[in-house]
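>>> okay, sequence plus prediction incoming.
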Amino acid sequence: MAKIPTPFRPLNISVLTVSDTRSIAEDTSGDALIELLTTAGHTLNERKLVKDDVYKMRAVVSNWIADEETHVILITGGTGFYSRDSTPEAMTPLFDKTIEGFGELFRQISYIEIGTSTIQSRAIAGLANQTLIFCLPGSTGACKTAWNGILEEQLNASHRPCNFVSMLIGPYTTTNQHEA
């Protein structure tokens with residue numbers, strides 16, 4: 001018997017930009033992520049911008065983690081080596097589990113585009129209270145690289161052999177077809 005393919009299931013995704021210099025109007029990375037996620041069929045749950053401050057980041061993300069309607073959080077900015085870059089330090093304590101392969105794969109894909117400069121990326125990801133958190137560099141190009149090279153497939157229920165969707169909103173069954 002042939003296996004029935006799993007249909008696409010839209011996720012609620014929140015976008016946080018971490019920047020000491022940009023406003024929402026100048027946030028091309030956040031704009032790119034929103035365009036990519038909505039074009040893929042997902043829903044923008046909420047968008048915010050905060051200064052690169054550990055406690056401000058944690059406050060916003062903690063609220064989203066506690067919100068059962070938020071499935072995924074995309075954070076852009078604060079993953080470099082400058083003195084104010086503190087996104088990994090802010091997010092790591094919130095993770096129940098770390099997705100080790102995300103940063104490794106991101107740097108592998110990014111190496112093709114920017115060479116050894118990718119070594120300065122501290123892109124990380126984790127799971128907190130059944131909410132995925134992906135911490136991406138602040139450049140628009142890096143956000144597109146992460147989405148196109150990793151996130152688009154991993155946030156799509158039809159991607160095989162595995163993806164994150166059933167972990168976030170449960171396995172697809174005929175009783176929840178209305179979510180498809």
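Received the coordinates, thanks.
>>> residues in contact with the nearest residue to residue 106 once chain neighbours are set aside?
In space, and not counting its chain neighbours, residue 106 is closest to residue 123: 4.5 Å by C-beta to C-beta, 6 or more residues apart in numbering. Glycine gets a C-beta too; all of them are placed from N, C-alpha and C. Counting by C-beta atoms under 8 Å, 6 or more residues apart in numbering, residue 123 touches 79, 102-103, 106-107, 134-137, 142, 146.
>>> inside helices: which ones of those?
Applying DSSP state H to these, the entries found in helices are 102-103, 106-107, 142, 146.
>>> flag the shaky bits of this protein, pLDDT-wise.
Applying pLDDT under 70 to the chain flags the ranges 1-4, 171-180.
>>> all strands of it, in order?
12-18, 43-50, 72-76, 97-98, 124-128, 131-136 (DSSP state E).
>>> tell me where this protein has helices.
With DSSP H as the criterion, the chain has helices spanning 28-39, 54-66, 87-91, 100-114, 140-146, 152-154, 165-169.
>>> so which of the ones you listed comes closest to residue 74?
Taking C-beta to C-beta, helix 28-39 is the member of these nearest to residue 74, at 5.2 Å.
>>> before we move on, the earlier item: now for the ones in helices among the contacts of residue 123: which two are most distant?
The widest separation within those (C-beta to C-beta) is 13.0 Å, between 102 and 142.
>>> neighbour count winner among those two?
Taking other C-beta atoms under 10 Å, residue 102 and residue 142 do not tie; residue 142 has more neighbours (24 against 21).
>>> could you find the closest non-adjacent residue to that one?
residue 136 (6.0 Å).
>>> ok, what's across the strand from that neighbour?
Listed beta-bridge partners, residue 136: residue 76 (assigned using DSSP bridges).
>>> you'd agree it is up against residue 144?
No: applying C-beta atoms under 8 Å, one finds residue 136 not in contact with residue 144, separated by 9.7 Å.
>>> who has more neighbours, the two?
Comparing residue 136 with residue 144 by other C-beta under 10 Å, the one with more neighbours is residue 136, at 29 against 17.
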